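Colleague: predicted model, plus sequence, below.
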Amino acid sequence: DGFRMQSKIDGAWKSLYRFDQQEQFQPDYEVSNYYLSTFPGSPFLHSLMAGRADAGRRYALRNNQFSVHHLNGTTERRSLTSAAELRRTLEDPFGIRLPDTAELDAVLERFAREARTVIPAPRPATGQRIPRRENPAARAPTAAGRAGTETRHE
């Protein structure tokens, strides 16, 4: 029993994640959070990510790649090539207030450089495996997903 959050992409329903109504406990979230924030292969240590649903669209940012997914199925994509562009994007469509510091600007500039240079994503060390365990936080019933998504009962 459970639910799947699905998005209709190019005429086909694709599952984004699944969840049920099983009660979750604080330690479940803490373990997942610790793992995702400390494991060397975690994308959360080496990537800039933001997502926000808005009326008729969903904004997505992955490093320096900004996308706007519209309800009608079209997607606008562009590379952000400066720290100033990344800052404006995080502040405007995402509504994130950023501190005005040189340290943050240096990090944003590093992500902006990726638009000009391909930097390979870090990989786990040889012999390290990423366990295929379900993240309890991913089962939480949220309204996340692309614009135009529907939640369908499994």
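Modeller: Arrived safely, thanks for sending.

Colleague: the one helix or strand Ser7 maps to pairs with which strands, and in what direction?
Modeller: If you go by DSSP states H and E, Ser7 is part of strand 3-9. If you go by DSSP bridges, strand 3-9 pairs up with strand 12-19 (antiparallel), strand 150-153 (antiparallel).

Colleague: where among those is the average confidence lowest?
Modeller: Of all the strands paired with strand 3-9, strand 150-153 carries the lowest average pLDDT, namely a mean of 41.

Colleague: residues contacting stretch 99-115, please?
Modeller: 48, 63-64, 79-83, 85-87, 98, 119 (Cβ atoms under 8 Å, 6 or more residues apart in numbering). To be clear about C-beta, it is placed using only N, CA and C from the backbone, and glycine gets the same treatment.

Colleague: could I get those residues as TSV with secondary structure and distance to Thr38?
Modeller: Output for the contacts of stretch 99-115, formatted as TSV (DSSP: H, G, I helix; E, B strand; the rest coil; distance: Cβ to Cβ, whole Å):
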residue	secondary structure	distance to Thr38
Leu48	coil	18
Asn63	coil	20
Asn64	coil	25
Ser79	strand	30
Leu80	coil	28
Thr81	coil	31
Ser82	coil	31
Ala83	helix	27
Glu85	helix	30
Leu86	helix	25
Arg87	helix	27
Leu98	coil	24
Ile119	coil	21
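
Colleague: nearest to Phe3, of those residues?
Modeller: When the contacts of stretch 99-115 are compared for distance to Phe3 (Cβ to Cβ), Leu48 comes out closest, at 29.5 Å.

Colleague: quick one: the closest one from Gly11, how far?
Modeller: Counting by Cβ to Cβ, to the nearest Å, the gap from Leu48 to Gly11 is 31 Å.

Colleague: of these two, who's got more company?
Modeller: Using other Cβ atoms under 10 Å as the criterion, Leu48 and Gly11 rank with Leu48 on top: 19 against 6.

Colleague: surely the more buried one touches Phe66?
Modeller: No: counting by Cβ atoms under 8 Å, Leu48 does not reach Phe66; the two are 10.6 Å apart.

Colleague: hang on, the earlier thing: and the strand holding Ser7, average pLDDT?
Modeller: Regarding strand 3-9, the rounded mean pLDDT is 82.
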